[in-house]
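J.: Return a 3D structure for these sequence lines:
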Amino acid sequence: MNLKFSVLASGSTGNACYVETETSRILVDVGLSGKKIEALFQKINRDPKLLDGILVTHEHSDHIKGLGVLSRRFKLPIYANEKTWLAMENQIGAIPTDLKFHFECERVQTFGDLEVESFGVSHDAASPQFYVFHHEGKKLTLATDMGYVSDRIKGTVKDSDMLIFESNHDIDMLMMGKYPWNIKRRILGDQGHVSNEDAAEALADIIGDRTRRVYLAHLSKDNNMKDLARMSVQQTLEKRGYQIGEALSLYDTDAEQPTDLITV
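T.: Now for the predicted structure:
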């Protein structure tokens, strides 16, 4: 079994996640400049020109900033649903027709020996969707940019071997912070982002017997801290009966440094 991944970057300033198997290499989102993405690939000893394609979650700039550049530079296919294509085309520049593909929500597409399942989330974008990767019985989930975690999402991602899961903000830090009220209201709303507390409660329902690692992702630069997110999630999970540090571990992600390339 050889399903591997690295969270190349995760946070309010830019997001990208790399997934590979023996025959497939997929990038999800390009939320940093093409130059920065190439540097991150070097840090995990991988070459972006060998990618089989780029999956897009939604059209916000922290997910597509370098998308057009990277696709054109290495002639990489881009996969997104129809509404996301319409929303992002003016932001990413001209993409050759033979590199534009549709991957609609609630569908499964096969990339070599990798099956990818898309699922919709509640976020203030045209048609945001995230992905579950299946390979030889292993299950890897990427789920961020959610205003809330619905029962449908919980059912889709439950009992993943590994989870990359949003823990965007600490509510007290957000409320006391410098953001204007309309931005705070957007983040806290049903189409915003999941707080540390809400992430922990959702994870308690999602984690299964086979879950070994949870990566806390998309942390706000201004309204969260790695230690705070990890502590908040760990405390809730332990109250719900999970032992952190034994069979199950919590990991940080970073806006500028990739995680190790890990085998699921």
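J.: SS state for A199?
T.: For A199, the assignment made with DSSP: H, G, I helix; E, B strand; the rest coil gives helix.
J.: I figured it was touching Q234, is that so?
T.: No: look at A199 against Q234 with CB atoms under 8 Å: they stay out of range, at 11.3 Å. (C-beta placed from N, C-alpha, C; glycine too.)
J.: Compare those two (neighbour count), which wins?
T.: When A199 and Q234 are compared on other CB atoms under 10 Å, the one with more neighbours turns out to be A199, at 29 against 19.
J.: what sits against that one?
T.: Contact analysis of A199 by CB atoms under 8 Å, 6 or more residues apart in numbering lists 149, 165-168, 216, 229, 233.
J.: any idea how far it is from S160?
T.: Noted for A199: a distance of 14 Å to S160, by CB to CB, to the nearest Å.
J.: Run through who's touching the helix or strand containing K36.
T.: According to DSSP states H and E, K36 maps onto helix 34-43. Applying CB under 8 Å, 6+ apart, the contact partners of helix 34-43 are 8-9, 14, 16, 18, 30, 32, 47-48, 66, 69-70, 73, 257-258.
J.: Which two among the residues you listed are spaced furthest apart?
T.: Taking CB to CB as the measure, these span a maximum distance of 22.7 Å, between R73 and Q257.
J.: low-scoring stretches of the protein, by residue?
T.: 1 (pLDDT under 70).
J.: Beyond the helix holding K36, next helix or strand please.
T.: Helices and strands here follow DSSP H and E; after helix 34-43, the next one along the chain is strand 53-55.
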